[in-house]
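Participant: Fold the following, please.
(4 chains)
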4 protein chains.
Amino acid sequence: MGDMSVVGNGVHDQDSAFGEGGRRRSCWYEEEIEQDLRWSFALNSILHTGCSQYQDIVLLDTKPFGKALVIDGKLQSAEIDEFIYHESLVHPALLHHPNPKTVFIMGGGEGSTARETFRHKSIQSVVMCDIDEEVVDFCRSHLIVNKEAFCDPRLRLIISDARLELESRNDQFDVIIGDLADPIEGGPCYQLYTKSFYEGTVRPKLNPGGIFVTQAGPAGALSHTEVFSCIYNTLRQVFKYVVPYSAHVPSYADIWGWVMASDSPFTADAGELDRRIKLRMKGENMYLDGETFSASSTLSKVVRKSLAKETQVYTEGTAKFIHGHGTVQKAALQS
Amino acid sequence: MGDMSVVGNGVHDQDSAFGEGGRRRSCWYEEEIEQDLRWSFALNSILHTGCSQYQDIVLLDTKPFGKALVIDGKLQSAEIDEFIYHESLVHPALLHHPNPKTVFIMGGGEGSTARETFRHKSIQSVVMCDIDEEVVDFCRSHLIVNKEAFCDPRLRLIISDARLELESRNDQFDVIIGDLADPIEGGPCYQLYTKSFYEGTVRPKLNPGGIFVTQAGPAGALSHTEVFSCIYNTLRQVFKYVVPYSAHVPSYADIWGWVMASDSPFTADAGELDRRIKLRMKGENMYLDGETFSASSTLSKVVRKSLAKETQVYTEGTAKFIHGHGTVQKAALQS
Amino acid sequence: MGDMSVVGNGVHDQDSAFGEGGRRRSCWYEEEIEQDLRWSFALNSILHTGCSQYQDIVLLDTKPFGKALVIDGKLQSAEIDEFIYHESLVHPALLHHPNPKTVFIMGGGEGSTARETFRHKSIQSVVMCDIDEEVVDFCRSHLIVNKEAFCDPRLRLIISDARLELESRNDQFDVIIGDLADPIEGGPCYQLYTKSFYEGTVRPKLNPGGIFVTQAGPAGALSHTEVFSCIYNTLRQVFKYVVPYSAHVPSYADIWGWVMASDSPFTADAGELDRRIKLRMKGENMYLDGETFSASSTLSKVVRKSLAKETQVYTEGTAKFIHGHGTVQKAALQS
Amino acid sequence: MGDMSVVGNGVHDQDSAFGEGGRRRSCWYEEEIEQDLRWSFALNSILHTGCSQYQDIVLLDTKPFGKALVIDGKLQSAEIDEFIYHESLVHPALLHHPNPKTVFIMGGGEGSTARETFRHKSIQSVVMCDIDEEVVDFCRSHLIVNKEAFCDPRLRLIISDARLELESRNDQFDVIIGDLADPIEGGPCYQLYTKSFYEGTVRPKLNPGGIFVTQAGPAGALSHTEVFSCIYNTLRQVFKYVVPYSAHVPSYADIWGWVMASDSPFTADAGELDRRIKLRMKGENMYLDGETFSASSTLSKVVRKSLAKETQVYTEGTAKFIHGHGTVQKAALQS
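Facilitator: Residues are numbered from 1 along each chain as shown, chains lettered A, B, ... in the order given. The predicted structure is shown next:
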C-alpha cells in the first residue's frame, strides 16, 4: 500500500497534539445503517473498486477497522473484526456436529466462511455457491487472508443461484451454511429465507444429524425485530431444534445474529465444545470458545421475550424490510 | 413537544410525492466516538440547551433513539435504551447484596441511577453526590422520567466532589455506585478510579458485605482496552471478589462495561437473582434478569484473555486516555 | 430564543481555545447541493417545523448564516444574506422601469420579495400568488423581518396556482416577478418557465413597457447549465430584450442567477440606477447599486459563451433536471 | 485511472435496480471551511498521499470537481475550476504590464501559476520560490497538466523562503506574484503579507512599471473581512495604485480575491485587454477576458464599502486569523 498511510494529516498526530490541522480527518466512508442513523470511518485509501451485474464492490483501507469490503454501500466485513462474524457463523454448527465431512455454503463469495470451514480437520468437501462471479473474483484477487482457502483442493466453487443449485443436486451435506444478504422483499436473497425453502430444499439436503446455520441480521435490543426474530420463527416452523445466538461486531455498530437448526438435539456444553475445538480444529480461535458460545446463545431478556412472541413467518407472500434495500422494487410493486 | 415532530420531511416518508426530497434527513447530531469514527443520528429537534462551569448540556429529540442527553459533545443516555445501561449499573449489585438499605451514588446527576435504586423495596436512604449543579438542575427540570426519583424523600442530593464527600462522612453504605465520566488523565473523574481511592476511601465506607460497582467504559472486542480492562485490574488489586460484565447499548454504538467488587463472594446464581427480582423489586425489568446477567458476566474469549493479561493499575501517576475527553484540561495543565 | 445559544459547546469557544471539546460542533444541518456535493451548517436550534400538502418547512437557527428557512430539504433563504437574493431579484426590474405602480409576484410566500417591492415609493399594489398556504402562514408567523410587508395594505395575497391566477385576471402589471422553485420536470413549477407560459400568459399581462424578471437557478461557472442558460434562452425566444445577471449568495454555496426581460430596452446605466435608488426608494440597499448591477450583468467569459450557445427551450415537452427534485415523479411517469 | 470510476455505486445510477442503494455515495472528502461550515465532495478515489516537514499532501479524485490537490486538509485546487483561480491570479497583472519579461513567483509549488505565466510570449525568465520541496516534487510527479511548465527551460525553481530569496537577490522583476497560503499569525506565510515586507522587499525588487499581485483569500459578501480587506488596505499603504478583484471558484464554495498593486497606473480597459490577450498570449483563456476582468474588479456595494472603511494593516505585530490554519503554531508559541 506504499505511500497510502498518511491521509488526513495522520503523520502530524503525534507531534501536533492540539492543532486542529493535526486532528481532523478529511476522507470518510459513510454508511446509512438505518435511514436515521449513520456510521462513518476515516479512510486511508480506496484500494479497489469493481462492479458486477448485481452489485458494486469496493475494498477500502479504513483507519478504525483496517481493510473493509463494501458491497452496494453496505459494509460486508472488516479486517479487524471479521473473525467475530465468521467464527460465529461457522464453528458452532461444525462443532455441534459429531463429525462434519461435507459442507454447502450458500453465498460466502468473500471466501472467509470457506476459510474457517477448512480449519475443521474432518472436512472433506466444501461446495460454495455464490451468484456473483465478479464479487468472488474480486475477493479472490484482493483478500490475501482468504487466498489459501480459494486454492484449497477440497473447495468446489459454483457460480449459480444457491436454491437452484441445491435443488438440482443429488448429494446431501452434514452442514449447510447460509452466508447471504438479509431477506429483503424483492432483494436477491429473500427466497433463501422462506419456510418453503427451508422445508422443501434445505432440510432434505441435510444428512441425518445434519445442521443448518444462517446469518440472521442485526440482533440488538432495538434491531432484532428487523429480520432476526422472523428468521428464528421461520426456522422454528421447520426444524425440531433451533438455537438463536448473537455477538457484537464492532464495525457493524450492532449486535449480529445467527440461527442454528437441526432435527437432532444440540447436546454439547461449553466444556465439550472446548474439547472439540482442541481436538478437531487447526489453529486457535480468537473469538469463539465454549464459554463464549454459551453467553452468545443466552439472549438478553428483552430479545428473548421478543423472539418468543414473534409470529411472522417468511413465506413467498410475506416479507420484512431492512433499510437501504429493495425499496424501489417495493414502490414499483405497489404503484 | 408540540409541532416538533416533522423535521426532515418525516411526515412524507410513507406516501411522499417528492421522492428523495422526502427521504433525506436534514438535521443531524454527530458524535466522534473515536477520532476516526463517527456516529450520527437524525434530529427531530434540539429541546433544551444549557451550560455549567464544567460542561455543556443539551437535550435532543433524535429520530432513532428518542430524547438524548448530551454532555460536552458525548451522548450520556437516550430515552430508548438507557434502561440497558441503568439496569446493568444498579441491579446486579443490589440484587447480589443480601439486604441493601443504604446506597451512595457518585455522580448520577441525570437521576436515572437513583430511579432504578428506588425500585428496590429495601432501600431506606440514597445519597447522590454530583459535582455539577447545573447538570442536576437541567435533568431535574427536563427528564420527566426521573421526576419522581428526584422527589423521593429517601434521596439526599449533595453538590460536591464525591471523593471529598465520601471522605468527610462518618457513615457507611451497603452499596456504592460509580456513575461517573470515564477515567481520563486530567479529567474531572480520574481520581475516582485510582487504586488509592478504592483502597483508602471506597472500601472503608462499605458496610460489611458491602458491594461497590462502577461503570467501566467501552467493553467491546476492540474497545475494552481503553479503560475497562484497567478499571477491572485496578479493582482486582483492592477487593477479594471482582466481577466484570458488559452489555450492548445501541445508542453508544458499542458494548458497555461495568465492574462489581466486594470482599464477600457473589453467590447468587441466575435462578436466585430471578427470585430476588420478584421478591425485592417494584416493577418489571426490561433488560436484566438472571439469565441475562449470567450471559453479561461471561465475557467473550478475546476480552476474557485480554483482561486476564492486563497489568496496568490506575494510580495518581498513571492514566489512560479515551477519545474526546480531558483534552482541554490536559492542554491547560501543560501550558 | 432564550437559552438556545450554546449548543455544541459554543460557550467554551472563547476560553478553551484548543480543547477539542470546545471546538467540535454536534448538531448540523446538511444539504445535498448536488448528488456528489454537500453543504453543512452547525446548528444552534431547530426553531419551528411544519408541513403542508406540498412541502415540509423548517426554520433553523444556524451558526454561520443565522435563521434559515428550509423547504423540502433545500435552503430557501438565510437571515444573513437573503438581502443579496432579494435585492437582486426585485430592484433591477423595478429600477429599470420608469414608474412601477403594480407588481405581480408568482410565489414569494416567504414575504421578502414583497418587502423589497414595497420599498419602492411608486408601488400602489402588489399581488402575491403562492400555491402553498401553509408556507405563507409559517413565514407570516415566524419571519419577523417580513411582518410589516405581510400587513401592508397594498398587498393582495392569493393562495392559488400562479398560472391559473394570471390567466383568469383581466388586469395588467408593470412588473411581474417569478420567485418560484426551479423548473424541474414533474416539479410544481416547471410549467411557469415554459415558452408557451411566457408567450401566452406573462407577456400579455404586462403593461406597455412592463418588465418580467425571474429567479433563474444556479449560475456558477459549473452550474449555470443546469437551468440558468435554458431559462435565459427560453425568454430570448419571447421577449425583445433579455438581461441575465448573477450574484454570489454565500449560504447557497454558489453564484445565483436571474433573468430580466422586456419588449422595451433597458437603458438606465449605473449612474442612472444610483439616481433612481436615491429618488425612488425608501431605506438603503445593502447589496445593490448601479455599479454592482453593472458587474452582476457582465457575465464571465465561460458563462457568456455558454449562454450564447444554448439552444434548449423549455416547452411543455422538454425539461431539464436539477438535483433532489422531481425524481420520483419522473420515475413514476416512466414506469 | 483504471478501475477507479465506480465507487459509490455510480455505475448503477441510471438503471439501478436497487434504488437508494444505487444512489447514495459512500466515500467523501470533507473540509471545514469555517468552524461552523462544512463542504463535502463524493470521492472516486484517493490517488496519492504524501507529507513534508511542513504539510500533508493528498491528491484526490472527486466526483464533482475532478482531481483535487489538498494540503493540510484544505483544498488547494481542483481540476475542473483551477483555471478560474490561476487565470485570475496571473493574467491581469501580466496583461496590464506593457511588456513583461521576468516574473518572480512566491510559492506556487503546484506549478499552475508558472504554467499560466509561460502562456505570455514575452516571458523570458520565471523564478519560482517555494519553501516546501516535497509539495513541489509531489505536484511535479502527479499533476500531468503542469508537466510541461515544470520542464520549461525558462523556469528557475528555488526551494527556499521567498522573503530570504527576494532579499538576497540583486535582480529585479517586471511582475511579482504571491501564490501563498493566507496570512495567518504564526502561519508560515504571514510575514509575506506585511507592510514592511511589501515596502522593504517587494517594491524595491520591481522594475520601473512593475506590478505586484497576490492571492488575497476569500472575498465573499460575508468572508471578505477575514483577510481580503486587510491585504487590500496594507497594499494601499505602500503602492500608488491598488486594484482588488474577485471571482467565484466553485470548489472553494466562495468568492476568491486577489489584489494587484503598482506605482504606475493601470490604464488598459476591457477592449485593450482583449487586444493584448490576442496579441501576446498562446492558447485561449477559458475564464478571463476584458469584460470578465472589468466585472471582477467591480466589487459589490457591500464589499466595496467594507474595503473603503478597512483600517487594519498587517505589520509584524498584528494579524488576522482564518479558520483552520495556524492553530498549531499559535499553540506552540503560547505554551
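Participant: make it CA atoms for all contacts and neighbour counts henceforth
Facilitator: Noted.
Participant: ok, is the lengthiest strand in chain A in contact with chain B or not?
Facilitator: Using DSSP state E, we find that the single longest strand of chain A is strand A:37-51. Yes: Strand A:37-51 reaches chain B (CA under 8 Å from any CA of the partner chain) through A:37-42.
Participant: Indicate each strand paired with that strand and its parallel or antiparallel sense.
Facilitator: In the sheet, strand A:37-51 lines up against strand A:27-34 (antiparallel), strand A:56-62 (antiparallel), strand B:37-51 (antiparallel) (DSSP bridges).
Participant: Would you quantify the distance from the residue in the stretch 51-200 of chain A that chain D sits nearest to to D:Ser26?
Facilitator: When scored by CA to the nearest CA, the stretch 51-200 of chain A has A:Asp56 as its residue closest to chain D, at 5.5 Å. Here A:Asp56 is placed at a distance of 11 Å from D:Ser26 (CA to CA, to the nearest Å).
Participant: And for A:Gln53?
Facilitator: Note on A:Gln53: its distance to D:Ser26, by CA to CA, is 19 Å.
Participant: between these two, which one's more packed in?
Facilitator: When A:Gln53 and D:Ser26 are compared for neighbours, D:Ser26 comes out ahead with 23 against 9, by other CA atoms under 10 Å in any protein chain shown.
Participant: can you pull the contacts of A:Lys63?
Facilitator: A:41-44, B:36 (CA atoms under 8 Å, 6 or more residues apart in numbering or on different chains).
Participant: pLDDT added to those residues, as a markdown table?
Facilitator: Listed next are the contacts of A:Lys63 as a markdown table, based on pLDDT from 0 to 100:
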| residue | pLDDT |
| --- | --- |
| A:Phe41 | 96 |
| A:Ala42 | 96 |
| A:Leu43 | 96 |
| A:Asn44 | 95 |
| B:Asp36 | 96 |
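Participant: ok, and the most crowded of those residues?
Facilitator: Top of the contacts of A:Lys63 by neighbour count (other CA under 10 Å): A:Leu43, with 31 neighbours.
Participant: Apart from its neighbours in sequence, what residue is nearest it?
Facilitator: A:Thr62 (4.4 Å; CA to CA, 6 or more residues apart in numbering or on different chains).
Participant: From what I see, that neighbour and A:Phe41 are in contact.
Facilitator: Yes: the pair A:Thr62 / A:Phe41 is scored as a contact, 6.3 Å apart, by CA atoms under 8 Å.
Participant: Quickly list what's touching both of these two.
Facilitator: By CA under 8 Å, 6+ apart, the residues touching both A:Thr62 and A:Phe41 are A:Tyr29.
Participant: before we move on, back to that, give the burial count for the residue of the stretch 51-200 of chain A closest to chain D, as a bare number.
Facilitator: With other CA under 10 Å as criterion, A:Asp56 counts 25.
Participant: Surely it and A:Ile71 touch.
Facilitator: Yes: with contact defined as CA under 8 Å, A:Asp56 counts as touching A:Ile71 (5.5 Å).
Participant: just to revisit the earlier point, for the residues of strand A:37-51 next to chain B, which two are the farthest from each other?
Facilitator: A:Leu37 and A:Ala42 (16.9 Å; CA to CA).
Participant: tell me which parts of the stretch 1-150 of chain A are close to chain B?
Facilitator: Counting by CA under 8 Å from any CA, the stretch 1-150 of chain A sits next to chain B at A:18, A:23-25, A:35-42, A:63-64.
Participant: which residues of the stretch 101-250 of chain A fall in strands?
Facilitator: A:102-107, A:125-130, A:155-159, A:173-179, A:206-218, A:241-249 (DSSP state E, counting those that start in this stretch).
Participant: Distance to chain D, mean neighbour count and mean pLDDT added to the ones you listed, as JSON lines?
Facilitator: Below are the strands of the stretch 101-250 of chain A laid out as JSON lines (distance: least, CA to the nearest CA, whole Å; neighbours: other CA atoms under 10 Å in any protein chain shown; pLDDT from 0 to 100):
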{"stretch": "strand A:102-107", "distance to chain D": "19", "mean neighbour count": "25", "mean pLDDT": "98"}
{"stretch": "strand A:125-130", "distance to chain D": "19", "mean neighbour count": "22", "mean pLDDT": "98"}
{"stretch": "strand A:155-159", "distance to chain D": "21", "mean neighbour count": "16", "mean pLDDT": "98"}
{"stretch": "strand A:173-179", "distance to chain D": "20", "mean neighbour count": "25", "mean pLDDT": "98"}
{"stretch": "strand A:206-218", "distance to chain D": "18", "mean neighbour count": "24", "mean pLDDT": "98"}
{"stretch": "strand A:241-249", "distance to chain D": "20", "mean neighbour count": "23", "mean pLDDT": "98"}
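Participant: Between the two ends of stretch A:158-170, how far is it?
Facilitator: End-to-end for stretch A:158-170, by CA to CA: 15 Å.
Participant: Could you pull out the buried residues of it?
Facilitator: For stretch A:158-170, burial by neighbour count (16 or more other CA atoms under 10 Å in any protein chain shown) applies to A:158-163, A:166.
Participant: again, but for stretch A:271-291
Facilitator: A:273-274, A:276-277, A:280-281, A:285, A:287-291.
Participant: Now tabulate those residues in JSON lines and tack on pLDDT and secondary structure.
Facilitator: Converted to JSON lines, the buried residues of stretch A:271-291 look like this (pLDDT from 0 to 100; DSSP: H, G, I helix; E, B strand; the rest coil):
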{"residue": "A:Leu273", "pLDDT": "98", "secondary structure": "helix"}
{"residue": "A:Asp274", "pLDDT": "98", "secondary structure": "helix"}
{"residue": "A:Arg276", "pLDDT": "98", "secondary structure": "helix"}
{"residue": "A:Ile277", "pLDDT": "98", "secondary structure": "helix"}
{"residue": "A:Arg280", "pLDDT": "98", "secondary structure": "helix"}
{"residue": "A:Met281", "pLDDT": "98", "secondary structure": "strand"}
{"residue": "A:Asn285", "pLDDT": "98", "secondary structure": "coil"}
{"residue": "A:Tyr287", "pLDDT": "98", "secondary structure": "coil"}
{"residue": "A:Leu288", "pLDDT": "98", "secondary structure": "coil"}
{"residue": "A:Asp289", "pLDDT": "98", "secondary structure": "coil"}
{"residue": "A:Gly290", "pLDDT": "98", "secondary structure": "helix"}
{"residue": "A:Glu291", "pLDDT": "98", "secondary structure": "helix"}
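Participant: So which of these is the closest to B:Val103?
Facilitator: A:Glu291 (33.1 Å).
Participant: hang on, that closest one packs against B:Val302?
Facilitator: No: look at A:Glu291 against B:Val302 with CA under 8 Å: they stay out of range, at 11.3 Å.
Participant: So what's the residue count around the residue of the stretch 51-200 of chain A found nearest chain C?
Facilitator: Residue nearest to chain C within the stretch 51-200 of chain A: A:Gly73 (14.8 Å; CA to the nearest CA). When neighbours are counted by other CA under 10 Å, A:Gly73 registers 28.
Participant: State the phi and psi torsions of it.
Facilitator: Phi and psi for A:Gly73, reported as degrees, to the nearest 10, are phi 70, psi 10.
Participant: and what of A:Ser26?
Facilitator: phi -100, psi -40.
Participant: Would you mark the buried spots in stretch A:137-154?
Facilitator: Here stretch A:137-154 shows A:138-140, A:142-143, A:146-147, A:149-150, A:154 as buried, counting by 16+ other CA under 10 Å.
Participant: Show only the entries of those found in helices.
Facilitator: If you go by DSSP state H, the buried residues of stretch A:137-154 have A:138-140, A:142, A:147, A:149-150 in helices.
Participant: of those, closest to A:Arg115?
Facilitator: Once CA to CA is applied, the member of those that ends up nearest A:Arg115 is A:Ala149, at 4.9 Å.
Participant: I figured that closest one hits A:Ala114, correct?
Facilitator: Yes: with contact taken as CA under 8 Å, A:Ala149 and A:Ala114 are classed as touching, separated by 6.3 Å.
Participant: Mutual contacts of those two, please.
Facilitator: Shared contacts of A:Ala149 and A:Ala114, counting by CA under 8 Å, 6+ apart, come down to A:Leu155.
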